[in-house]
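Enquirer: Okay, predicted coordinates and the sequence, questions at the end:
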Amino acid sequence: MTESVDVVLIGGGIMSATLGTLLHELQPDWKIIAFERLSDVAQESSNPWNNAGTGHAALCELNYMPKNPDGPLDPAKAVSINEQFQQSRQFWSSLVDRGVLDEPSTFINATPHMTFVRGEKDVAYLKERYEVLKEQPLFEGIEYSEDSRVINTWAPLLMQKRRKGEPFAATRVPAGTDVDFGALTHQLFDHLTSSGVDLRTNQEVRSLKRQKDGTWLVKYRTALGLTPSEVKARFVFVGAGGWALKLLQRSGIPEIKGYGVFPIGGQFLKTTNPKVVAQHKAKVYSQASVGAPPMSVPHLDTRVVDGEESLLFGPFATFSPKFLKNGSWFDIVGQVRTHNLWPMLRVALANPDLITYLVGELAKNHRKKVDSLRVFMPTAKDEDWTLIQAGQRAQVMKKDPKKGGILQFGTEVVSAADGSIAGLLGASPGASTAVPIMLELLQKCFPEEYPTWEPTLKDLIPTYGAKLNEDAAIAERSMASTATALGINR
């Protein structure tokens, strides 16, 4: 007899962990099963070495507030991203208070966020950005300087042996963070399994079929490919990274038509040299190269993983046809359908700079990559840095009424009209905004239950429903409260 459950979560990353935790808090009586095709959770994009661990709050990422050739800079997108991260922080704070999460330093640490630019044009842009953001309550405390002595106190490695006469500037927000999403994912799943959620690793979901009663028949098998098993679910969430597209296509829902993904891999330079690591306590972002996707914005980051500090620089783009690090070589071809072929072709024709950028990145050897680092850190030595492979990102391609097809660099929830199945496509800001993304999904897929859940959500997220940036006093109290709960010095 086929087993019946309320919810199936596909994928063992931060998205499934967050949704599972929310549903368990809201409906503790619901039966939930989570499937992960690898031997453990958090092995793909949520793994700490597969991402930069930036708590994306638009404090330092310039792509959330691009130059506007037709007028003043608009802070709306940056404010929106910051609002979303504040929700995640509040949720994590509540889970720490409830004993769901461990000591905060095991997954989040205070790490100033900085932006560093060179050249008169970018210096002028960064100053304008600072002038706009310093008026926003959520960006309270942002600092700006063109003084090498000041920047040297913020991040000494940026200034050592810097060429004289070169225009440069930096902004700094002390309240930034470094987040180990791998540790966070593990802790969330540990709590879920101890509370009765069934986590099945080494189990690969192979098909999704809608039943006449509106439920979904989920067929899965072990990694060894033995006889398939099946389970019936009222709701399915596909949080399988790049494989989400493949599974949503197999589900047959019309909402996935026109979508495709373009896989972009990444590498980081890493050092654990204690003399180097001790001189840099920040995440420092800069401008992306011409044609580079936003996820490839160069940055020099402090990382704290398992209590140990290191520095990462990158990312450097790589190419693989796989949608996951542990994916299939046929992924990029296997996604092609009659309904998404034209949008994908239009994206290819409209983004020659991206192709040129990828070719250039693939041609870089180790020394060339360290040369890129020396733009940030003039004293970098080749022998101090080793190259590590980061995760695969599947950037969304979809239909566009005017252009035929567009390449999208955010995240997008795709769900069936009846809300019985939903999946997440895309990448950055991703993990940092997992909580608001999953709240949006819950509201969309459970319209009848959602109003009854709101009191619990307000307990978990005290400012739920409010816009922090519209009230400086509330924003200050909220940020101070979560900083205290998470042990972040502001």
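Expert: Nice, I can see it.
Enquirer: So which residue is dead centre in this protein?
Expert: Central residue of the chain (CA atoms, centre = their mean): residue 430, 2.8 Å from the mean position.
Enquirer: Span of stretch 215-232 from start to end?
Expert: Across stretch 215-232, the terminal residues are separated by 7 Å (CA to CA, to the nearest Å).
Enquirer: May I see the buried residues of it?
Expert: Residues of stretch 215-232 classed as buried: 215, 216, 218, 220, 221, 231, 232 (neighbour count, 16 or more other CB atoms under 10 Å). (Each C-beta comes from the backbone N, C-alpha and C, glycine too.)
Enquirer: on that earlier part again, state the distance from the residue nearest to the centre of the chain to residue 382.
Expert: Using CB to CB, to the nearest Å, residue 430 is found at 32 Å from residue 382.
Enquirer: Check residue 411 too.
Expert: 36 Å.
Enquirer: Compare these two (neighbour count), which wins?
Expert: More crowded of residue 411 and residue 382, by other CB atoms under 10 Å: residue 411, with 18 against 13.
Enquirer: beta partners for that one?
Expert: residue 426 (DSSP bridges).
Enquirer: OK, contacts around it?
Expert: By CB atoms under 8 Å, 6 or more residues apart in numbering, the contact list for residue 411 reads 424, 425, 426, 427, 428, 429, 430, 433, 437.
Enquirer: go on, residue 256?
Expert: By CB under 8 Å, 6+ apart, the contact list for residue 256 reads 245, 248, 249, 414, 423.
Enquirer: Can you tell me the closest non-neighbouring residue to it?
Expert: Spatial nearest neighbour of residue 256, excluding adjacent residues (CB to CB, 6 or more residues apart in numbering): residue 248 at 4.4 Å.
Enquirer: quick one on the thing from earlier: make a PyMOL selection of the buried ones in the contacts of residue 256.
Expert: Selection of buried members from the contacts of residue 256 for PyMOL, criterion 16+ other CB under 10 Å:
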select buried, resi 245+248+249+414+423
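Enquirer: Mind putting the contacts of residue 256 into CSV with pLDDT and distance to residue 237?
Expert: Formatted as CSV, the contacts of residue 256 follow (pLDDT from 0 to 100; distance: CB to CB, whole Å):
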residue, pLDDT, distance to residue 237
245, 93, 14
248, 96, 11
249, 95, 16
414, 94, 11
423, 95, 7
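Enquirer: The contacts of residue 256 in helices, which ones?
Expert: Among the contacts of residue 256, the ones falling in helices (DSSP state H) are 245, 248, 249.
Enquirer: Can you get me a residue count around residue 355?
Expert: With neighbours defined by other CB under 10 Å, the count for residue 355 comes to 12.
Enquirer: three-state assignment of it?
Expert: Three-state assignment for residue 355 (DSSP: H, G, I helix; E, B strand; the rest coil): helix.
Enquirer: show me what contacts it?
Expert: By CB under 8 Å, 6+ apart, the contact set of residue 355 is residue 348.
Enquirer: Distance of the spatially closest residue to residue 417 that is not a sequence neighbour relative to residue 412?
Expert: Of all residues not flanking residue 417 in the chain, residue 255 sits nearest, at 7.0 Å (CB to CB, 6+ apart). Residue 255 sits at a distance of 11 Å from residue 412 (criterion: CB to CB).
Enquirer: One more: residue 134?
Expert: 32 Å.
Enquirer: which residues of the stretch 201-350 of the chain fall in helices?
Expert: Secondary structure of the stretch 201-350 of the chain (DSSP state H, counting those that start in this stretch): helices at 243-251, 274-277, 331-334, 338-350.
Enquirer: does residue 436 sit in a helix or strand, and which one?
Expert: Under the criterion of DSSP states H and E, residue 436 resides in helix 434-445.
Enquirer: Can I get the lowest-mean-pLDDT helix or strand in the chain in CSV? Just the C-alpha atoms.
Expert: Taking mean pLDDT, DSSP states H and E as the measure, the chain has helix 352-362 as its least confident helix or strand, at a mean of 81. Output of helix 352-362 as CSV, limited to C-alpha atoms (Å, rounded to 0.1, in the frame of the first residue of the first chain):
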residue,chain,number,x,y,z
PRO,A,352,27.4,37.8,-26.1
ASP,A,353,29.2,39.6,-23.3
LEU,A,354,28.4,36.7,-20.9
ILE,A,355,29.9,34.2,-23.3
THR,A,356,33.0,36.3,-23.8
TYR,A,357,33.3,36.6,-20.0
LEU,A,358,33.0,32.9,-19.5
VAL,A,359,35.7,32.2,-22.2
GLY,A,360,38.0,34.7,-20.5
GLU,A,361,37.5,33.1,-17.1
LEU,A,362,38.1,29.6,-18.4
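Enquirer: Helix 338-350 and that one, what's the angle between them?
Expert: Angle between the axes of helix 352-362 and helix 338-350 is 80 degrees (criterion: axes from the mean of the first three to the mean of the last three CA atoms, to 10 degrees).
Enquirer: Mind listing what's buried along helix 352-362?
Expert: Those would be 354, 357, 358, 361, for helix 352-362 by 16+ other CB under 10 Å.
Enquirer: Ok, stretch 359-373 next?
Expert: Neighbour-count burial for stretch 359-373 flags 361, 369, 370, 372, 373 (criterion: 16+ other CB under 10 Å).
Enquirer: Kindly reformat those as JSON lines containing secondary structure and distance to residue 261.
Expert: Putting those into JSON lines (DSSP: H, G, I helix; E, B strand; the rest coil; distance: CB to CB, whole Å) gives the following:
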{"residue": "361", "secondary structure": "helix", "distance to residue 261": "19"}
{"residue": "369", "secondary structure": "helix", "distance to residue 261": "26"}
{"residue": "370", "secondary structure": "helix", "distance to residue 261": "31"}
{"residue": "372", "secondary structure": "helix", "distance to residue 261": "27"}
{"residue": "373", "secondary structure": "helix", "distance to residue 261": "29"}
